[in-house]
Structure formats: structure tokens, C-alpha cells
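In: The sequence and its predicted three-dimensional model are supplied below.
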Protein chains: 2
Amino acid sequence: MNVSRPAVHPLEAPPLRDGAENAPRVRMKDLQGMPGTPGGLALRLCQFFFALISLCVMLSTSDFPTVTAFCKKNINKASCSCCTSYLVAALGLQSLWSFSLAAVDIYALLVRRHLRNPRVVSFFTIGDGITSTLTFAAACASAGITVLIGNDLDKCAVNHCARFESATAMAFICWFVASPSFLLNYWSLAVSANY
Amino acid sequence: MNVSRPAVHPLEAPPLRDGAENAPRVRMKDLQGMPGTPGGLALRLCQFFFALISLCVMLSTSDFPTVTAFCKKNINKASCSCCTSYLVAALGLQSLWSFSLAAVDIYALLVRRHLRNPRVVSFFTIGDGITSTLTFAAACASAGITVLIGNDLDKCAVNHCARFESATAMAFICWFVASPSFLLNYWSLAVSANY
């Protein structure tokens, strides 16, 4: 924004721009990956697809409602069911969230609007932080369990071990794609809160 | 920083302050919890103590080098050893990092210096991000394993189950105290990069 300055009228009061409050309100550059940019949309779509693939892999086990079959030969059902349900729940939440924000991004791109409202950005940031943390926690917990059971190769053969492993890997990739969204949103929130 | 402006010599060139680059470099407010503040020091000390307690709990198992005893009655040793070693390694790294930064904070408080150098802040941010992610991953993986084994109550009785559970809880608390440091550092980095 070019603020016109009193170069011609020497008697006019000098522009008051001493503090941060009076600094010219410069729009920050749109970094690719922020909401409302093509990069942001690409990130959202990646998150959505990886979460969806992971979810489908989990659900594709022929006996999903009793997916505890994964570990029925090893340990008791309750704990394993709890963990797999948690992974499914976290991935479901992540895919829903990413899908919604992808829709918002598409809308913003179509009407060529920037998503720079601090309230909107802080909502996105909090949502991203929660969903990516949940996805990461679920992925880590399943990785721990997979390593634990996966080393018993014989027991792995009779269970859905490979599927569970690939679902876990997809969940990790999903988290890996979700964190840039969170970091960029948080960055843009910090910048907009301080301008 | 107070830039002296030519108020007395009317013929001198006016200060060039048109764009964001030339805006007066205003120091951002010191939020409690940022490096070099008493709040930041408190956060670091909390991180250090929780990581240390968790580490001590893990090491206090009378037979630590074979802490795999934790699960020798349940599963094969290799995987469990791998997981507990990972928790110990992550907590060791976290405690070292928090201790070093607590020392830096104490120094900064003693000489009354602000830690606002963008390079220093970005180093702190990256370090915080890595250590807190590792701690969280280790805590989640151990939580998964603990839930898995903990539900087998009989097997838990003969192992170091309670200790492992409390170490995991401490690791979670440690992560919970480490993330504000990361978020505040990242915030201050975003703000300082855009002034």
C-alpha cells in the first residue's frame, strides 16, 4: 500500500507512524500452502486422500467390525480393538476435516478471495493442530503395536498384519502432509495478529 | 530501536519509510514463555524435570539393560527392547535439550538480554519441534504397548507394568510442557521474520 506523504506542503503535520500501531498495514505475501492458495488446496487433497486410503485399508479387512481379528491370536481383544478403533476414528476425523477445508479452498480460489481473517485463520490453525496431533498419536500407537506383533512373524501371517502396517504408514504420510498446513496457518496467524 | 529523525535540519532528505522493509523496527512484546523470560525458564525446567523423572523411572527398573523383562513373559524381546530404548533415547534427548536451553535462559535473564536474533530463535524452534515430536511419538508408542499388555492383568503383575505406565504418563506431561515452548518460539520467529 503506498501511503501518499506530504512532500509538497511543508507545513502539514508529519504522518504519525512512530509505533507499530501506526505502521502501514502491509498485506503479507501469500505463501503457497496457506489456505486459499493452490498449494494449500494440494496439501488438503493429499491429506484427504492419504487419510481415506488408510481408512479404506482398515475397513477393507473382510471382518472389520471385528477387526480385532488382527490380534485375536496374540492378545486379548479389548485393547487391540480400542487401538484400531482409535486409528479409524482419528483418520475419519482427519479426512472429514481435510475434505471440508479443501472445499473451502476451492471456493476461495474460485471467487479469488484471500482467507486472511484472523478468526478464520485461528479456527483453521486450532483444527489443524488437533487433527494432526490425533493422527500422529494414532499412527505412533499403531506403529508401536505393529512392531510388537509384527516381530512375531508366525502370528503376523494369520492376521491382517500387512494391511495394518500399510494403514499405519499411510497415517504417518497423512500426518506428514498435515503438519505443513498447521505450521503455515500458525505462521500466518502470528503475522496477522502482529500487523 | 529509536531511529533519530531529522527534525532540526529542514533541508535534509526525509527518512525513507515507504514500504514494510523501511518501517520502524519495533520490538515485539516479550510474551511470558518465550526464551529469555522467567516463564520460558519455568517451562524449560518443567520439561527437564518431567523428562528426568520419566527417565529415572525407566532406569530404576532393577534390571534396566534387560528392561525387556517388561515384556519377556508376553512377547519376544527384540521389539519391546526396541520400543523401550526408543522411549529412553527420546526422553534423554529431551532432557538434554531442555537443560541446555534452561541454562541459556538463566544466562539471558542474568545479563538481561533478549533472545530475539532470528537465527537463534529458528534454531530453538527447530530443536523444540524435533525433540517434542520425538517425545510425543515415544509416549504414544509406549501408551499403545502399555494398553496392549496392561489389559492382560496377570501378565502385568509379573512385569514392570506400573513403572512403564508412569514413565509414559510423565513423557506425555513432558510433551505437554514442551509444546508451548515450540509454539511460542515459532510465533516469535514468524513475527520477527515479518518485521
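Out: Received the coordinates, thanks.
In: which other helices and strands contact the one helix or strand residue A:105 maps to?
Out: Here residue A:105 sits within helix A:77-110, counting by DSSP states H and E. Packed against helix A:77-110, as judged by 3 or more C-beta pairs under 8 Å, 6 or more residues apart in numbering or on different chains; DSSP states H and E, are the following elements: helix A:38-59, helix A:118-150, helix A:161-194, helix B:118-150. For the C-beta atoms, the positions are set from N, CA and C on the backbone; glycine is no exception.
In: tell me the mean pLDDT for the third one?
Out: Model confidence over helix A:161-194, given as mean pLDDT, is 88.
In: what's the angle from it to helix A:77-110?
Out: For helix A:161-194 against helix A:77-110, the angle by axes from the mean of the first three to the mean of the last three C-alpha atoms, to 10 degrees is 50 degrees.
In: Just the buried residues of helix A:161-194, please?
Out: Burial within helix A:161-194, assessed by neighbour count using 16 or more other C-beta atoms under 10 Å in any protein chain shown, is assigned to A:161, A:164-165, A:167-192, A:194.
In: Same check on stretch A:103-118?
Out: Within stretch A:103-118, the residues scored as buried using 16+ other C-beta under 10 Å are A:104-105, A:108, A:115-116.
In: could I get these as TSV with pLDDT?
Out: TSV is the format used below for the buried residues of stretch A:103-118 (pLDDT from 0 to 100):
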residue	pLDDT
A:104	92
A:105	91
A:108	90
A:115	76
A:116	76
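In: Which ones among the buried residues of helix A:161-194 also lie next to chain B?
Out: Checked against chain B using C-beta under 8 Å from any C-beta of the partner chain, these give the following subset in range: A:183, A:186-187, A:190-191, A:194.
In: Just give me the closest of those residues to residue B:90.
Out: Taking C-beta to C-beta as the measure, residue B:90 lies nearest residue A:183 of these, at 21.1 Å.
In: which residues does the closest one contact?
Out: residue B:186 (C-beta atoms under 8 Å, 6 or more residues apart in numbering or on different chains).
In: Residue A:46 now?
Out: Applying C-beta under 8 Å, 6+ apart, the residues contacting residue A:46 are residue A:177.
In: Over to the one 5 residues further on?
Out: Taking C-beta under 8 Å, 6+ apart, we find residue A:51 in contact with A:91-92, A:94-95, A:98, A:135, A:170-171, A:174.
In: what bits of chain A have low per-residue confidence?
Out: A:1-29, A:61-83, A:149-160 (pLDDT under 70).
In: let's see it at 50
Out: Counting by pLDDT under 50, chain A contains low-confidence residues at A:1, A:16-26, A:65-79, A:153.
In: which one of the buried residues of stretch A:103-118 is nearest chain B?
Out: Distance ranking of the buried residues of stretch A:103-118 against chain B, using C-beta to the nearest C-beta, places residue A:116 first at 13.5 Å.
In: Isn't the closest one up against residue A:191?
Out: No: contact criterion C-beta atoms under 8 Å: residue A:116 and residue A:191 do not qualify, at 9.7 Å.
In: If you count neighbours, what's buried in the helix holding residue A:105?
Out: For helix A:77-110, by 16+ other C-beta under 10 Å, it's A:79-81, A:83-84, A:86-88, A:90-95, A:97-99, A:101-102, A:104-105, A:108.
In: Could you do stretch A:132-151 as well?
Out: Neighbour-count burial for stretch A:132-151, with 16+ other C-beta under 10 Å as criterion, is recorded at A:132-151.
In: which of these are close to chain B?
Out: The residues of the buried residues of stretch A:132-151 that also fall near chain B, by C-beta under 8 Å from any C-beta, are A:133, A:136-138, A:140-145, A:147-151.
In: Tell me the one of these nearest residue B:126?
Out: Relative to residue B:126, the closest of these is residue A:136; by C-beta to C-beta it sits at 17.7 Å.
In: Quick check, residue A:191 in contact with residue B:189.
Out: No: when contacts are counted by C-beta under 8 Å, residue A:191 is not listed as touching residue B:189 (10.6 Å).
In: Distance of the nearest residue to residue A:171 once chain neighbours are set aside relative to residue B:183?
Out: Taking C-beta to C-beta, 6 or more residues apart in numbering or on different chains, and ignoring the residues beside it in sequence, residue A:171 has residue A:139 as its nearest neighbour in space, at 3.8 Å. For residue A:139, the distance to residue B:183 (C-beta to C-beta, to the nearest Å) stands at 21 Å.
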